[in-house]
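[1] next one to model:
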Amino acid sequence: MSGTLSNKVALITGSSRGIGRAVALAFARNGAALIGVHYSSNVEAAQATIREIEAIGAKAVGISADLRNGKEAADSIWEQLREVAVSMTGESKLDILVNNAGIAPALSLALTTEAAYDELMTINLKAPFFLIQAVANHIRDNGRIINISTGFTRIAAPTHPAYAASKGALETLTLALAPEFGPRGITVNTVMPGVTETDMNAAWLSAPEARAGAEALSAFSRVGQAADVADIVAFIASHEARWTTGQVIDATGGARL
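    Below you'll find the model as predicted:
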């Protein structure tokens, strides 16, 4: 397939559903050759996403790993993709890594237990850190590392303090790593979604008052769609975004401008 991501090998964590799934499909439409669809436990959702990718014309492989296992999970994710990449392309190489997987429990400061804090930080920060470490020597020159954050790093979120802190740390990691990868032409950026129509948000967005409040946040007076964010990620993954690195790209739909 031809496109802005023609012949690229991509890995997207948490890509069986939601924004990750939309990113995987956007990459397929833009010509990616092989897409690693990481999931934690929902194999049916991963298989459905793989079928959609293959219907577009790209190849895809399911990669299972529980990010609560931190570095062990990160190493396993890369090893699983590496084996497939070698068998399909003859090289243990990667072009695009998207650290999308995450959890966002609505826990106030008072309600956050140490166990909940540790789980959140492991999934949202530790696993992405060590996945970047695992693939660092295997990303081709001019590759892309893209982390997915949240608008809660720009807008105060007293209902999600630990979640906001984990994503704020991910944004700082993006800035810290950009100079390290720069000499190889590899960009490191973060995309910051706002309220987005996903399975994760379905329950609270089903309440009319909550949806109205979420819609009012955006300059466009609507809730974001997964494709809105995915198209921005696809652009950052492309050659056209080669001169942007170390940045947080706001994809909140102009929340609270």
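[2] tally of neighbours for the closest residue to residue 45 other than its chain neighbours?
    Take residue 45 and drop its neighbours on the chain: the residue closest to it by C-beta to C-beta, 6 or more residues apart in numbering is residue 16, 4.0 Å away. The way it works is simple: take the backbone N, C-alpha and C, and place the C-beta from them, glycine included. The number of residues packed near residue 16 is 26, by other C-beta atoms under 10 Å.
[3] output the longest strand belonging to the protein.
    strand 139-148 (DSSP state E).
[4] what helices or strands is that strand leaning on?
    The contact analysis (3 or more C-beta pairs under 8 Å, 6 or more residues apart in numbering; DSSP states H and E) places strand 139-148 against strand 94-99, helix 161-181, strand 187-193, helix 226-237.
[5] can I get the CA coordinates of the first one in CSV?
    Taking C-alpha atoms only, strand 94-99 is exported to CSV below (Å, rounded to 0.1, in the frame of the first residue of the first chain):
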residue,chain,number,x,y,z
LEU,A,94,10.7,-0.9,14.2
ASP,A,95,9.7,2.5,12.7
ILE,A,96,7.0,3.8,15.0
LEU,A,97,6.2,3.2,18.7
VAL,A,98,3.0,4.6,20.2
ASN,A,99,2.7,4.4,24.0
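[6] which stretches of the chain have low pLDDT?
    1 (pLDDT under 70).
[7] where do the helices sit along it?
    18-29, 43-56, 71-89, 114-121, 127-135, 161-181, 199-205, 208-217, 226-237 (DSSP state H).
[8] buried ones in the fifth one, by neighbour count?
    So the one you mean is helix 127-135. In terms of neighbour count (16 or more other C-beta atoms under 10 Å), helix 127-135 has its buried residues at 127-132, 134-135.
[9] out of the residues you listed, which is nearest to residue 69?
    residue 127 (8.0 Å; C-beta to C-beta).
[10] got the contact list for that closest one?
    When contacts are counted by C-beta atoms under 8 Å, 6 or more residues apart in numbering, residue 127 touches 13, 67, 70-71, 73-74, 99, 101.
[11] please pick the buried ones from those residues.
    Looks like the contacts of residue 127 have 13, 67, 70, 73-74, 99, 101 buried, using 16+ other C-beta under 10 Å.
[12] possible to save those as TSV with distance to residue 241?
    Converted to TSV, the buried ones among the contacts of residue 127 look like this (distance: C-beta to C-beta, whole Å):
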residue	distance to residue 241
13	20
67	26
70	30
73	28
74	25
99	17
101	22
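[13] quick one: the nearest residue to residue 148 once chain neighbours are set aside from residue 57, how far?
    Computed as C-beta to C-beta, 6+ apart, the closest residue to residue 148 that is not its neighbour in sequence is residue 100, at 4.5 Å. Distance, residue 100 to residue 57, using C-beta to C-beta, to the nearest Å: 22 Å.
[14] those two: who's more crowded?
    residue 100 (26 against 13).
[15] surely that one meets residue 10?
    No. In this structure, residue 100 is not within contact of residue 10 by C-beta atoms under 8 Å, at 11.2 Å.
[16] what about residue 44, neighbour count?
    10.
[17] quick check: it vs residue 197, distance?
    21 Å.
[18] cool, and residue 108?
    25 Å.
[19] these two: who's more crowded?
    When neighbours are counted by other C-beta under 10 Å, residue 108 and residue 197 differ, and residue 197 comes out ahead with 19 against 11.
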